[in-house]
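[1] this is a predicted model, with the sequence first.
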Amino acid sequence: MSESRPSMSLGRKIVFSVGQFGWSLTTFLANNLLAYFFIPPEGSGTDIPAFVTRDSIWGIFTVVGLSAFAARLFDGVNDPLIAGLSDRSRFRLGRRRSFMLIGSVPAILLALAQYFPPVAGVSALNVAWLFAASLAGTVFLTMYVMPYNALIAELGATSEDRLTLSALTSVTWALGFASGNSIYALKDAFQAMGNSPLDSFRLAAAALGAAALVAMLVPVIFVNERKYASGGISDAPAFSAVRSALRDRPFRILVGASFLYYTANTFLEIGIAYYVTALMRLPESASFTLALAIFALSFLWYPAVLRLSGRFGKKRVLLWGFVAQGVVFTVFPFVGIVPAVPVPAWAALIAVVQSAASAAFGILPTAMVADAARKRSETDGSSIEGAYFGVNSFAMKTAVSAANLAFPSFLLLGRSAERSLGIRLSGIVAAAITFIGFAVLMGFREADGAAIGRPAGNPGAVGGDYPGIAAGIPAPSDATDRAGEPD
């Protein structure tokens, strides 16, 4: 067909990226605060009462760790299934937006429900409540995230276009994560108003949940999928599409490296409050300050990441990202025990180096997966973009599951300034995982997937003006209907 779809303007790409802020913040509320709420740092003045046992199970696990592991593992299995259903759906609103609309509100409510156990004090009913809310919440959050990620591949007409979308969504993801870390400062503010630590935490979480919901609905309302997206309708069963995606060798290597990155990075996301309070001996609110510094500085790295990926290829820049994150985790075990280095110096080093890693991993993996999915679709017309992102998300959530299971176990070895062995060991383990990820990505050959490893077109343009020129990809058969639908 000679007719081509219209290109999205930069403004509409920004509107689309707001959804990433919403689901990033929702994910933070659903996952990253569980250890803090149910096993708060000792001696930090948190004073949140126990709702589930904080003792070990079978000597090495915790209730929170097992709950998070079960939820992320269940979520990972759901990812390819929901991605496949979205690939094959024929909803009038669009095969992606319809799922996003259905998933948004329940995902928020169930994320918050984890922090409202039905029984005061330690109770088996609270354990069941935690498992039920986390498992159900993962289903609805996946119904939003999987179709949203698939749209990155479909809305971007060229590799540069997809890199732009990936960069924008990386910015909003970082803003969502940083906003999630503001819960510590918000909690302190509510406590200053006379509320209890428990009520203060819940009020802060509810406020952030409301902001997340509004953001998640923005692309559903304001981005016309049927007009701008290139995706057709897939007839392949969900798991058949997954097997097809996994036959892509460069994609398999990328997924393996991503698994190791997400495992290590989750240690940082969960552990930042412990690294700050126990190792740096700073107040909890400093966790937000450090997280904000990392993400603010990461934005300054974005132009360099875009230019360097155009000049050297995305693989090499990701390798540098692995090195940077490995350095950060190698530093953590020494924080507070090397007398010649003051705490502000440690914090500054961690913020600067980690921000570089965050910029690289915030932009490039999503763009590389989107490139792989679009290349496959353009090659054989399979339209299984959802399957590619489903596999990638399965790897991510399996990694998050493993980290959520493992990290609380380290806390059993010490989670205070006086007993910090477990927290320091977590840094050593995360550093080892990061450097293994580096070795795996070394096996990625850009010649195996030029469209995956390097942006198409003029590489020098990647770091310059935002690209937004359509590549003339043929529109699906319903192009007339899509063009007639209002934006």
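    Happy to help now that I have it. All of these numbers come straight from a predicted model, not from anything done at the bench.
[2] packing partners of the strand or helix carrying Ser67?
    Taking DSSP states H and E as the definition, Ser67 sits inside helix 63-88. Contact partners of helix 63-88 among helices and strands, from 3 or more CB pairs under 8 Å, 6 or more residues apart in numbering; DSSP states H and E: helix 34-38, helix 97-113, helix 124-155, helix 238-246, helix 385-411. Heads up, the C-betas are built off the backbone N, CA and C, glycines and all.
[3] can you list the buried residues in that helix?
    63-76, 78-88 (16 or more other CB atoms under 10 Å).
[4] of the helices and strands packed on helix 63-88, which approaches Ala370 most closely?
    helix 124-155 (4.1 Å; CB to CB).
[5] quick one: distance of the closest one to the chain centre.
    Offset of helix 124-155 from its chain centre (CA atoms, centre = their mean, to the nearest Å): 13 Å.
[6] and after it, which helix or strand comes next?
    helix 159-181.
[7] which residues touch the very next helix or strand once past that next one?
    Counting by DSSP H and E, the element after helix 159-181 in chain order, helix or strand, is helix 183-192. The contact list for helix 183-192, computed with CB atoms under 8 Å, 6 or more residues apart in numbering, reads 33, 197, 199-201, 203-205, 207-208, 273, 284-285, 287-288.
[8] sorry, back to before: ok, of the helices and strands packed on helix 63-88, where does mean pLDDT dip lowest?
    Lowest mean pLDDT within the helices and strands packed on helix 63-88: helix 238-246, at a mean of 69.
[9] just checking, next helix/strand downstream of that one?
    helix 249-274.
[10] please identify the buried residues of that next one?
    Quick answer for helix 249-274 (16+ other CB under 10 Å): 250-274.
[11] what do you get for stretch 29-43?
    29-42.
[12] distance to Phe361 added to the helices and strands packed on helix 63-88, as a markdown table?
    Output for the helices and strands packed on helix 63-88, formatted as a markdown table (distance: least, CB to CB, whole Å):
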| stretch | distance to Phe361 |
| --- | --- |
| helix 34-38 | 22 |
| helix 97-113 | 24 |
| helix 124-155 | 15 |
| helix 238-246 | 21 |
| helix 385-411 | 11 |
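[13] which of those helices sits closest to Val331?
    helix 385-411 (16.9 Å).
[14] these two touch, right, Ser298 and Ser358?
    Yes - contact criterion CB atoms under 8 Å: Ser298 and Ser358 qualify, at 4.2 Å.
[15] tell me which of these two has more neighbours.
    Per other CB atoms under 10 Å, whichever of Ser298 and Ser358 has more neighbours is Ser358, with 28 against 25.
[16] can you tell me the helix or strand for the more buried one?
    helix 343-380.
[17] so what's Ala30 up against?
    Ala30 sits in contact with Ala107, Leu110, Ala111, Gln114, Ser134, Gly137, Thr138, Leu141, where contact means CB under 8 Å, 6+ apart.
[18] can you check Ser17 too?
    Leu165, Leu168, Thr169, Val171, Thr172.
[19] please list all residues in contact with Ile436.
    Leu260.
[20] do you know how far it is from Phe334?
    As defined by CB to CB, to the nearest Å, Ile436 lies at a distance of 21 Å from Phe334.
[21] likewise for Leu292?
    From Leu292 across to Phe334, the span is 24 Å (CB to CB).
[22] looking at the two, which one has more neighbours?
    Using other CB under 10 Å, the more surrounded residue of Leu292 and Phe334 is Leu292, with 19 against 13.
[23] mean confidence score for the host helix or strand of the more buried one?
    Of the helices and strands defined by DSSP H and E, Leu292 is found in helix 285-312. For helix 285-312, mean pLDDT rounds to 86.
[24] helix or strand right after that helix?
    Criterion used, DSSP H and E; the element after helix 285-312 is helix 314-331.
[25] what is that next one packed up against?
    Against helix 314-331 (3+ CB pairs under 8 Å, 6+ apart) you get helix 249-274, helix 285-312, helix 343-380, helix 421-442, helix 450-453.
[26] what lies in contact with it?
    By CB under 8 Å, 6+ apart, helix 314-331 touches 257, 261, 264-265, 267-268, 305, 308-309, 346, 349-350, 353-354, 356-357, 359-361, 364-365, 367-368, 427-428, 430-431, 434-435, 437-438, 441-442, 444, 446, 452-455.
[27] mind doing that once more with 6 Å?
    305, 308-309, 350, 353-354, 356-357, 360-361, 364, 368, 427, 430-431, 434-435, 437-438, 441, 444, 446, 453 (CB atoms under 6 Å, 6 or more residues apart in numbering).
[28] and stretch 244-258, by the same measure?
    Counting by CB under 6 Å, 6+ apart, 365, 368, 372, 387-388, 391-392, 395, 437, 440-441, 443-444, 448-449, 452 sit against stretch 244-258.
[29] pLDDT weak spots in this structure?
    1-6, 42-46, 76, 156-159, 229-242, 377-386, 417, 446-487 (pLDDT under 70).
[30] can you say which of the helices and strands packed on helix 63-88 is nearest to Trp23?
    helix 124-155 (5.4 Å).
[31] for that closest one, packing partners?
    helix 10-27, helix 63-88, helix 97-113, helix 343-380, helix 385-411 (3 or more CB pairs under 6 Å, 6 or more residues apart in numbering; DSSP states H and E).
[32] please identify the most buried of these.
    helix 385-411 (a mean of 26; mean count of other CB atoms under 10 Å).
[33] helices or strands up against it?
    Secondary elements touching helix 385-411 (3+ CB pairs under 6 Å, 6+ apart): helix 63-88, helix 124-155, helix 238-246, helix 249-274, helix 343-380, helix 421-442.
[34] turn the ones you listed into JSON lines, including distance to Phe407.
    Shown next, in JSON lines, are the helices and strands packed on helix 385-411 (distance: least, CB to CB, whole Å):
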{"stretch": "helix 63-88", "distance to Phe407": "7"}
{"stretch": "helix 124-155", "distance to Phe407": "16"}
{"stretch": "helix 238-246", "distance to Phe407": "28"}
{"stretch": "helix 249-274", "distance to Phe407": "5"}
{"stretch": "helix 343-380", "distance to Phe407": "17"}
{"stretch": "helix 421-442", "distance to Phe407": "6"}
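[35] closest one to Ala399 among those helices?
    helix 249-274 (3.7 Å).
[36] now the closest one, how far from the chain's geometric center?
    With CA atoms, centre = their mean, you get 10 Å for helix 249-274.
[37] and if you look at stretch 7-20?
    Per CA atoms, centre = their mean, the centroid offset for stretch 7-20 relative to its chain is 18 Å.
[38] cool, stretch 113-124 as well?
    Worked out by CA atoms, centre = their mean, stretch 113-124 lies 27 Å from the chain centre.
[39] again with stretch 309-326
    19 Å.
[40] what's next to stretch 298-306, contact-wise?
    Ala174, Val317, Ser355, Ala356, Ser358, Ala359, Ala360, Ile363, Val462, Gly463.
[41] would you check how far apart Phe177 and Thr169 are?
    Counting by CB to CB - Phe177 and Thr169 are separated by 12 Å.
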